[in-house]
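**Student:** attaching a predicted model along with its sequence, questions to come.
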Amino acid sequence: MSISKKITAIAASAALALTLCLGLAGCGPDKEKFTGTWHISTMDGASVDQSDSWAGSADMTITLNEDGTAVLETSSTSLFGNSSESVNATWEAKSDSECSITDDNGDAITGKLDGGTLSIDEGGTALTFKRA
């Protein structure tokens, strides 16, 4: 085989390999389905009232950022006082319908996407979030 044919064959192989790599890079889960802020809507099937009332209010949000970082925030007000907590975490899309959220301690939870809701089972408690 002549040198020009070898160079052509190597160039064609390299172009094919590059095309294959670029094609596979775009085949991962769709992170955009998960990114954004999610507000709690139900806990164990019961609606969570996030509005203020004489008895108090509660709120929980999960923010999943494009860069793989996440923030879990809870807040509540009651006759006995106010409280809030914020936890930094990381997240990744495992598939187009499932993600994993891991806090700074390495504890992970799985979120399942179904239409416009994100469901999480945390210690036997079923939490459902809706996009803000």
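**Tutor:** Yep, it's here.
**Student:** can you give me the buried ones in the helix or strand containing Thr37?
**Tutor:** Element membership of Thr37 [criterion: DSSP states H and E] is strand 36-43. Judged by neighbour count using 16 or more other C-beta atoms under 10 Å, the buried positions of strand 36-43 are 38, 40-41. For the C-beta atoms, the positions are set from N, CA and C on the backbone; glycine is no exception.
**Student:** cool, stretch 113-125 as well?
**Tutor:** Residues 113, 118, 120 are the ones in stretch 113-125 that count as buried (16+ other C-beta under 10 Å).
**Student:** where's the first one, which helix or strand?
**Tutor:** Read it as Leu113. If you go by DSSP H and E, Leu113 is part of strand 108-114.
**Student:** partner strands of that strand, parallel or antiparallel?
**Tutor:** Based on DSSP bridges, the pairing partners of strand 108-114 within the sheet are strand 98-103 (antiparallel), strand 117-122 (antiparallel).
**Student:** of the ones you listed, which is nearest Ser78?
**Tutor:** Ser78 sits nearest to strand 117-122 of all the strands paired with strand 108-114, at 21.5 Å, using C-beta to C-beta.
**Student:** could you check the angle that closest one makes with strand 36-43?
**Tutor:** Angular relation of strand 117-122 and strand 36-43 on a 0 to 180 degree scale: 60 degrees, by axes from the mean of the first three to the mean of the last three C-alpha atoms, to 10 degrees.
**Student:** quick revisit: just the C-alphas of the strand holding Leu113, formatted as CSV.
**Tutor:** As requested, the backbone C-alpha atoms of strand 108-114 are provided in CSV (Å, rounded to 0.1, in the frame of the first residue of the first chain):
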residue,chain,number,x,y,z
ALA,A,108,-27.9,9.7,48.4
ILE,A,109,-31.6,9.8,47.4
THR,A,110,-33.2,8.9,44.1
GLY,A,111,-35.6,11.2,42.4
LYS,A,112,-38.0,9.8,39.8
LEU,A,113,-39.5,12.1,37.2
ASP,A,114,-43.0,11.5,36.0
